[in-house]
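[1] what's the 3D shape of this:
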Amino acid sequence: MRLLDTLAHTARPLRAVAAAAALVATTVAPTAQAAVVLIQSGAGVMLTTDLNAYFNSLSGVTSSVIGDAAPLSAAALAGVDLFIGEAMASTDSYSAGELSALTAYVTGGGTAFLAAENNGFAAAIAAVNAAAANMGSTMSVSAAQIEGGCGLVTASGAQLAGSLMAGVSSFSWGCGSRVNGGTTELFASNLSDRVIASQAIGAGHLVIAGDSNLANNGIAAGNRTFFANLLNMGSTHTVPEPGTLLLVALSGLGMLASSRRRAG
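    Model (predicted):
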């Protein structure tokens, strides 16, 4: 009888550890449909090559870059979880067909991150505003030059206002325009001017940044977390945060120890 009791006490913690292991597999393993990122380069302010390399370094993520002259069509956006549009060059704009494709993509469940720039980039601001208006978004970009001085700055604390800043302790950006409307994700240092904002559109999301200097100098750690959060916003594939495996493993060990104490 004592042997049967011992086996019963042992089985329970083993089942707990097995459950924890299953949770690890569910959390970390890529889903059947891995995440796909499409980045469209523009004026060259955002280092799209570095950003593309970062996304491709994430487990289960495939990222690619297209030039600003490449047509943005329904075919190009098919299967894409996250579309990133860098601030457009002065000679570029979205065609009516591209606006329709982008709207259909977002309302159908995709996430579009459109970056504008400071008041020296009128075409970039106009392109973002045209896309937002076509989607029926209440967001827009007003030409400005915040924080001023046109150098990179670091945001922290209350400036990191939205869910896209979860896990971010500091965020690098610099010299952008003001974003109006939407849910604030990033404030300027005055805690009034919006730098990044988001809005649910149909089944998807539109995120607008008033600045494109977000992937500079090797991409700051906080910015990397922001981009991972951005991908997770509408993706069927969850990029695991650092430490997920450790936390789940410790949870399983804790259940094992607790069960042993009760058995004793």
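[2] so residue 231 sits in a helix?
    Yes: the assignment for residue 231 by DSSP: H, G, I helix; E, B strand; the rest coil puts it in a helix.
[3] Pull the contacting residues for the nearest residue to it once chain neighbours are set aside.
    Nearest residue to residue 231, sequence neighbours excluded (CB to CB, 6 or more residues apart in numbering): residue 82, at 5.0 Å. C-betas here are computed from N, CA, C, even on glycine. By CB atoms under 8 Å, 6 or more residues apart in numbering, the residues touching residue 82 are 35-38, 110-113, 230-231, 233-235.
[4] Quick one: list the elements packing against the helix or strand hosting residue 76.
    Counting by DSSP states H and E, the element that carries residue 76 is helix 74-77. Contacts defined by 3 or more CB pairs under 8 Å, 6 or more residues apart in numbering; DSSP states H and E place helix 74-77 against helix 96-107.
[5] contacts for the helix it packs on?
    71-74, 76-77, 80, 83, 94, 112, 130-131, 134-135, 201-206.
[6] same question for that helix, mean pLDDT?
    Helix 96-107 shows an average pLDDT of 98 in the prediction.
[7] Please identify the buried residues of the helix or strand harbouring residue 134?
    Using DSSP H and E, residue 134 maps to helix 122-135. Residues of helix 122-135 classed as buried by neighbour count (16 or more other CB atoms under 10 Å): 123-132, 134-135.
[8] can I get those residues in TSV with distance to residue 88 and pLDDT?
    TSV is the format used below for the buried residues of helix 122-135 (distance: CB to CB, whole Å; pLDDT from 0 to 100):
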residue	distance to residue 88	pLDDT
123	5	94
124	5	95
125	9	97
126	8	97
127	5	96
128	8	98
129	11	98
130	10	98
131	10	98
132	14	99
134	15	99
135	17	99
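[9] Which one of those is nearest to residue 142?
    residue 125 (8.1 Å; CB to CB).
[10] contacting residues around the closest one?
    The contact partners of residue 125, taken as CB under 8 Å, 6+ apart, are 116-117, 119, 141, 143, 177.
[11] Select from those residues the one having the most neighbours.
    For the contacts of residue 125, the largest neighbour count, defined by other CB atoms under 10 Å, is 32 neighbours, found at residue 116.
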